[in-house]
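Trainee: One predicted model, sequence on top.
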Amino acid sequence: MKKQNWLKQNWLVILCGLLVGTAAVVLTKLGNPGNMGFCIACFLRDIAGALGLQGASTTTEAGEVVRTLSNFRPEIVGIIAGSCILALFTKEFKPKGGSSPFTRFLLGVLVMLGALVFLGCPLRMVIRIGGGDMNAIMGLIGFVIGIAVGIIFLKGGFSLGRAYKQSKVEGLLFPVIMIGLFILSLVGATLYKSGAAPGNKAAPWFIALAVALVVGALAQKSRLCFVGGIRDAVMFKEFGLLAGFGGVIVAVMLGNIIVGNGLKFSFDGQPVAHTEWLWNMLGMTLVGWGSVLLGGCPLRQLVLAGEGNTDSAVTVMGMIVGGGLAHTLKIASSGAGTGANGPTAVIIGLVLVLAISLTNLKKGKA
């Protein structure tokens, strides 16, 4: 009976996890980079390139220098718009904000730097595990450690302060701006475009957008969050959100088998991944810790921004800036290993997150 009740209560988050995993496999088959059907960090980094915040480039065999990692990704826009549309329809669109906005912006930057040292957000980490990338297991270990440390501070009274009710116009600004910029990118406006290079692989935009709209709506309704799943399991012994985690892995494993990609469990030769285990682990420690303080993983921040949460919108803007800085300052990793300044950035990021954690404890708490 308890098992039936648990399934009844959590079927939506399980369905959402299965859908996200399936979508990742399908979008990869249709053109997205390997093990990267959905990666919030990678796609926000590409948006940073489209906005001119980073100028990653490569040289073709013909000697032509072309931009890479520069694409106003429809997956990001679709998640935000899908969440926004469903929230408006179900009357869950309730704009609020004003809770330590600059601190949230900084945490967004730091979370992005950690993710790009690892080469993926928590969602891509799970997708990589489902695809057999054992480097992602090291990332998962670090992710859990980061969440555990963040939980210690939550129990000690950490808070970024109260959010206040805002107008519907204020809540709609971020979704509308993102949709508007995406439309400009489609009609060939002044946004930066990528040349033909391996790092620019992408599924057809209209399919990616349609899939992301559904994912955004379901993630809004189910409250899917990879940080929240582990946090709730540790703090409250609630495993509902964690079921979405498992749903993604199962769908990716089965999907890869069905579409003929197969499963290759190894550390070497994995797409868009490196084998420096320490920085894979510490990069995701930074992501886990920072995301706990923010109240959700990068996917959850997009969904909340779609619901009208301007604090999450500010966080996403911080992530976009972080994506630009990661490549401009040679922090981001590649398949060859960590960037020249990646390890230093992770250490500085962990120190800054510790400082934020300590300085936002309520009085009388330890």
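Mentor: Noted; the coordinates are in hand.
Trainee: give me the number of residues near residue 68?
Mentor: 20 (other Cβ atoms under 10 Å). Every C-beta, even on glycine, is put in place using the N, C-alpha and C of the backbone.
Trainee: wouldn't it be in contact with residue 54 here?
Mentor: No: applying Cβ atoms under 8 Å as the test, residue 68 and residue 54 come out as separate, 9.8 Å apart.
Trainee: pLDDT averaged over stretch 211-223 - what is it?
Mentor: Averaging pLDDT along stretch 211-223 gives 96.
Trainee: ok, and what's touching it?
Mentor: For stretch 211-223, the external contacting residues (Cβ atoms under 8 Å, 6 or more residues apart in numbering) are 12-13, 15-16, 19-20, 23, 26-27, 38, 74-87, 90, 92, 224, 241, 244, 299-300, 302-303, 306-307.
Trainee: And these, which of them are buried?
Mentor: 12-13, 15-16, 19-20, 23, 26-27, 38, 74-87, 224, 241, 244, 299-300, 302-303, 306-307 (16 or more other Cβ atoms under 10 Å).
Trainee: among these, which are in helices?
Mentor: 12-13, 15-16, 19-20, 23, 26-27, 74-87, 241, 244, 299-300, 302-303, 306 (DSSP state H).
Trainee: Residue 180 is in what secondary structure piece?
Mentor: Assigned by DSSP states H and E, residue 180 belongs to helix 168-186.
Trainee: Identify each buried residue in the helix or strand immediately after that helix in the chain, please.
Mentor: Using DSSP H and E, the helix or strand that follows helix 168-186 in sequence is helix 205-222. Across helix 205-222, burial judged by 16+ other Cβ under 10 Å covers 205, 208-209, 211-222.
Trainee: hey, C-alpha coordinates of helix 205-222 in PDB?
Mentor: Written as PDB, here are the backbone C-alpha positions of helix 205-222 (Å, rounded to 0.1, in the frame of the first residue of the first chain):
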ATOM      1  CA  TRP A 205      15.800  24.400 -33.800                       C
ATOM      2  CA  PHE A 206      12.000  23.800 -34.200                       C
ATOM      3  CA  ILE A 207      12.200  20.300 -32.900                       C
ATOM      4  CA  ALA A 208      14.500  21.400 -30.000                       C
ATOM      5  CA  LEU A 209      12.100  24.200 -29.200                       C
ATOM      6  CA  ALA A 210       9.000  21.900 -29.200                       C
ATOM      7  CA  VAL A 211      10.700  19.300 -27.000                       C
ATOM      8  CA  ALA A 212      11.900  22.000 -24.600                       C
ATOM      9  CA  LEU A 213       8.400  23.600 -24.300                       C
ATOM     10  CA  VAL A 214       7.100  20.200 -23.100                       C
ATOM     11  CA  VAL A 215      10.000  19.700 -20.700                       C
ATOM     12  CA  GLY A 216       9.600  23.200 -19.300                       C
ATOM     13  CA  ALA A 217       5.900  22.700 -18.700                       C
ATOM     14  CA  LEU A 218       6.400  19.300 -17.100                       C
ATOM     15  CA  ALA A 219       9.300  20.400 -15.000                       C
ATOM     16  CA  GLN A 220       7.200  23.300 -13.700                       C
ATOM     17  CA  LYS A 221       4.400  21.100 -12.700                       C
ATOM     18  CA  SER A 222       6.500  18.300 -11.200                       C
END
